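**Q** Next input, structure requested:
(chains A, B, C and D)
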There are 2 protein chains.
Amino acid sequence: MLRLSKLTDYATVILSHIAKESGQTHSALCVADATGIALPTVSKILKILVNAKVLVSTRGIKGGYALARAPENISVADVISALEGPIALTECSISHEGCEQASGCGISANWGLINQAIQHALEAVTLADMIKPVNVPQEFMIPVSSIYRPI
Amino acid sequence: MLRLSKLTDYATVILSHIAKESGQTHSALCVADATGIALPTVSKILKILVNAKVLVSTRGIKGGYALARAPENISVADVISALEGPIALTECSISHEGCEQASGCGISANWGLINQAIQHALEAVTLADMIKPVNVPQEFMIPVSSIYRPI
DNA sequence: CTAAATAGAACTAAAATAGTCCACAATTAC
DNA sequence: GTAATTGTGGACTATTTTAGTTCTATTTAG
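**A** Now for the predicted structure:
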């Protein structure tokens, strides 16, 4: 399947938990308890999310983690790219080196466009959406034509 | 990155090559030569694509592989799901067993919707599009609202 | 100073992926 | 009918990626 790593999956669960009480700071231990994910794993993910500026942390005895901005401003794309790097389906969308297929590499440009379509889809969904019960803006349209033009 | 396996990447290259001369049958060897991908790998991918009914094969001395239908009717989604199984970003979109996160799994329904949006995006692009130089129908719109409703 | 918390890096183990190989089946040419 | 060519299916191995753990520093409240 078009797979997201388990860590990314956990990250969305963790962020959802934090987003539900956006004001507070949450310690790694407290998040681990609430989500049922093992503490070292939670800790690792939280660190990554801080580096990606999705979370902010405070050290010290009353420290913990909190969202870096409002849930409406954190997209699923932000979370995915924090954990998995740039959103691109194929290697050659990122770097072209060594891609010397004898024929047929007008393809890469097309992949680029597909990637952009998907990226826009993922940017359109925010943490705020994720914590809402399923229920959606009527006009959640992705105008692919606007991005589907030569790079 | 939101990654597609290398085999899937190869598959699009291989299919593009075959699509460029849709009438003929192509032997595995001939495809390997044309694409620069190692023969055993090409062979493996071709077999998978036959099982997925994207290609048809004929055996014997004049045998080889050909598209099962017109390039316009083979979508990128077909190719991806042939090689990677159902298009879903997270485990729990496919099966729910064992997903007992203490809190916060109203998330899975939302993932389901995101998956569908992406699937539709990938279904909208065909092999025929891939072999064209970048150049696109003006109204390649994905009306996500039509699918973004409770399952 | 001490306790509780994050930061960062290194390491190990497990799982998925890529790639190869082989014995078999089908078809065609001669 | 036999041999040559091509696909079929499965098993296997090596490599790479991912997941998960552990350890040592650093920060800060009390």
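**Q** so where do the helices sit in chain A?
**A** For chain A, applying DSSP state H gives helices covering A:6-20, A:28-35, A:39-51, A:76-84, A:91-94, A:107-123, A:127-131, A:144-147.
**Q** mind listing what whichever residue of chain A sits closest to DNA strand D touches?
**A** Distance from DNA strand D to each residue of chain A (CB to the nearest atom of the strand) is smallest for A:Gly60, at 2.3 Å. C-beta coordinates here come from the backbone N, C-alpha and C atoms, glycine included. When contacts are counted by CB atoms under 8 Å, 6 or more residues apart in numbering or on different chains, A:Gly60 touches no other residue.
**Q** Need the pLDDT of it.
**A** A:Gly60 carries a pLDDT score of 94 in this model.
**Q** And it, its phi and psi?
**A** phi 90, psi 180 (degrees, to the nearest 10).
**Q** coming back round to it: of all the helices of chain A, which lies closest to B:Arg3?
**A** helix A:76-84 (7.1 Å; CB to CB).
**Q** about what we covered before: would you check how far apart the residue of chain A closest to DNA strand D and A:Glu21 are?
**A** 20 Å (CB to CB, to the nearest Å).
**Q** show me what contacts the closest residue to A:Val31 other than its chain neighbours?
**A** Leaving aside its chain neighbours, A:Val31 sits nearest to A:Val42 (5.3 Å; criterion: CB to CB, 6 or more residues apart in numbering or on different chains). Taking CB under 8 Å, 6+ apart, we find A:Val42 in contact with A:Tyr10, A:Ile14, A:Ala28, A:Val31, A:Ala32, A:Thr35.
**Q** What remains of those residues if I keep only buried residues?
**A** Buried members of the contacts of A:Val42, scored by 16 or more other CB atoms under 10 Å in any protein chain shown, are A:Tyr10, A:Ile14, A:Ala28, A:Val31, A:Ala32, A:Thr35.
**Q** And the pLDDT for the spatially most central residue of chain A?
**A** Most central in chain A under CA atoms, centre = their mean is A:Val79, positioned 1.9 Å from the mean C-alpha point. pLDDT, A:Val79: 95.
**Q** So it sits against A:Thr12, correct?
**A** Yes: assessed by CB atoms under 8 Å, A:Val79 is found in contact with A:Thr12 at 5.9 Å.
**Q** circling back: between the helices of chain A, which gets nearest to DNA strand C?
**A** helix A:28-35 (3.7 Å).
**Q** which helices and strands does the closest one pack with?
**A** Applying 3 or more CB pairs under 8 Å, 6 or more residues apart in numbering or on different chains; DSSP states H and E, one finds that helix A:28-35 makes contact with helix A:6-20, helix A:39-51, strand A:64-67.
**Q** follow-up on the earlier one: would you turn the buried ones among the contacts of A:Val42 into a markdown table with pLDDT and distance to A:Asp129?
**A** A markdown table is the format used below for the buried ones among the contacts of A:Val42 (pLDDT from 0 to 100; distance: CB to CB, whole Å):
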| residue | pLDDT | distance to A:Asp129 |
| --- | --- | --- |
| A:Tyr10 | 94 | 19 |
| A:Ile14 | 95 | 16 |
| A:Ala28 | 96 | 25 |
| A:Val31 | 95 | 21 |
| A:Ala32 | 95 | 25 |
| A:Thr35 | 91 | 19 |
